[in-house]
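**Q** When you get a sec, could you give me coordinates for this:
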Amino acid sequence: MKNSKVLWKKSKKIILNGNSLFSKNPENYAKDWPAYFDRAKGCYIWSTDKKKFIDFSYMGIGTNILGYSNTKIDNHVKKIITKGTMSTLNCVEEVSLSEKLIKMHKWSSMCKFARTGAEASAIAIRIGRIHSKKNKIAICGYHGWHDWYLSVNLNGKKKLDTHLIKNLNINGVDKNLKNSSVAFKHNDLDSFKKIVRQNTDIGVVIMEVERFEEVKIDFLKYIRDYTKKNKITLIFDECTSGFRQTYGGLHLKYKINPDICILGKALGNGYPINAVIGTKQLMNKARSSFISSTFWSDRIGPAAALKTLEIMQKERSWVRLKSLGMFFKRKFRLTLHKHNIKGDVIGNGSLLQFKLNKIDDIDLKKYLASEMLKKNILASNVIYLSTAHSEKLLDKYFYQLDKILFKLSKKI
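**A** Here you go, the predicted structure:
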């Protein structure tokens, strides 16, 4: 195995931006953050430098909700591989997966599958525009790298800064798309009312139900009522929130249904699969539009998703994740109080973010990453918990965090 630093230096010369995903750029974290992994199992990662780490950070950027290399899922996929993953004909697994997702989300009647969240969002936007017969989009949250999303920053370079990632570079985005997409703030009803008042031609609203901040029911209900009344397509992007607090989309918890829902990340537990589910009325209208891609017909994604859903349902994984999340929040707040540090941990279920009043989020992320790395722990200011984590492992995390916050309390 090549040294991780040497390999990363090489990759920046031959791969655009060094890798394929912004969130896996080691330069976002700590000086010695490992760039490459050899293998991963449960919540452990072995780097190409032959070091073993506990992952208390992103767990594959939210994909591995049942842990890395889940034996039951991997064994099922291996059997599928021996039978063939691609052919001139269709795989039966996508039919079974459609039935399962529709049964899970009783308001929906039809599915379309993709392999990435950005693709799925683009599919949903296309279908939404067909239904509303209007092109303008209102966004709330993070929805990928496509032009329709990044064009929000043509209206002002900081417009997307409150939607997960700051300072997104939009070089190459068609300037003619200016004002084709607008943004409103999560849980800010006045913000939503303002953009719909100023943009009467909005045809699609796409939003994350919630990420770290718990959604206000009145906010979500108002948007649902407004979009329905004004014949605007409402899309819930649940690539990140799905399956973490409920068996399916988080909107099931709040009993507020969209016209279209996007599910991904955890759906395949690390195997690429995304689903766009929608009402019969909307999806039928989309038959008139060309939406197709070769590798959307791959067999591995749906097969992995079916096994993942089977395990989730049997183990009631979302209940376990909620318990771990509550344990984490309680311990984190106690540790802050012990060292008289002002801050908090936000988020519901197993997706959490912590903030300290006197430290910038990025500075906190890099500080925690650097200090935890010394103890072979991958950490950030965000944690995606999985069923592979345990209270015992979390105790190890907090043993180290206690020392780090003690040291930090002397500086702030």
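
**Q** Ser23 is in contact with Tyr58, correct?
**A** Yes - counting by Cβ atoms under 8 Å, Tyr58 does reach Ser23; the two are 6.5 Å apart. (Glycine included, C-beta is placed from N, CA and C.)

**Q** tell me the phi and psi of the nearest residue to Thr227 once chain neighbours are set aside?
**A** Leaving out its chain neighbours, the residue that sits closest to Thr227 by Cβ to Cβ, 6 or more residues apart in numbering is Leu234, at 4.3 Å. With angles defined as degrees, to the nearest 10, Leu234 sits at phi -110, psi 120.

**Q** Now for Leu234, how many residues are close by?
**A** Leu234 has 23 neighbours, counted by other Cβ atoms under 10 Å.

**Q** swap in Glu214?
**A** As a burial measure, Glu214 scores 13 neighbours (other Cβ under 10 Å).

**Q** Can you tell me the element Ile256 falls in?
**A** Under DSSP states H and E, no helix or strand contains Ile256.

**Q** isn't it right up against Lys221?
**A** Yes - applying Cβ under 8 Å, one finds Ile256 in contact with Lys221, separated by 6.0 Å.

**Q** With neighbour numbers in mind, choose between these two.
**A** Using other Cβ under 10 Å as the criterion, Ile256 and Lys221 rank with Ile256 on top: 17 against 14.

**Q** In contact with the more buried one, which residues?
**A** 217, 220-221, 224 (Cβ atoms under 8 Å, 6 or more residues apart in numbering).

**Q** Just flag the most distant two among those residues.
**A** Greatest spatial distance among the contacts of Ile256 (Cβ to Cβ): Ile217 and Arg224, at 10.4 Å.

**Q** Quick check on these two: which one has the bigger neighbour count.
**A** Just comparing Ile217 and Arg224: by other Cβ under 10 Å the higher neighbour count belongs to Arg224, 19 against 11.

**Q** And what about that one, helix, strand or coil?
**A** helix (DSSP: H, G, I helix; E, B strand; the rest coil).

**Q** Give me the nearest residue to it, chain neighbours excluded.
**A** Ile256 (5.2 Å).

**Q** Let me know how buried Arg287 is, in neighbour terms.
**A** 9.

**Q** Quickly note the distance from it to Met110.
**A** In this view, Arg287 and Met110 are 10 Å apart by Cβ to Cβ, to the nearest Å.

**Q** Please apply the same query to Gly117.
**A** Taken as Cβ to Cβ, the span from Gly117 to Met110 is 19 Å.

**Q** what about these two, which has more around it?
**A** Comparing Gly117 with Met110 by neighbour count (other Cβ under 10 Å), the higher total belongs to Gly117, at 24 against 19.

**Q** Give me the pLDDT for the more buried one.
**A** Note for Gly117: predicted pLDDT of 97.

**Q** what's across from Ile359 in the sheet?
**A** Listed beta-bridge partners, Ile359: Leu356 (assigned using DSSP bridges).

**Q** Which pLDDT value belongs to it?
**A** For Ile359, the predicted pLDDT is 93.
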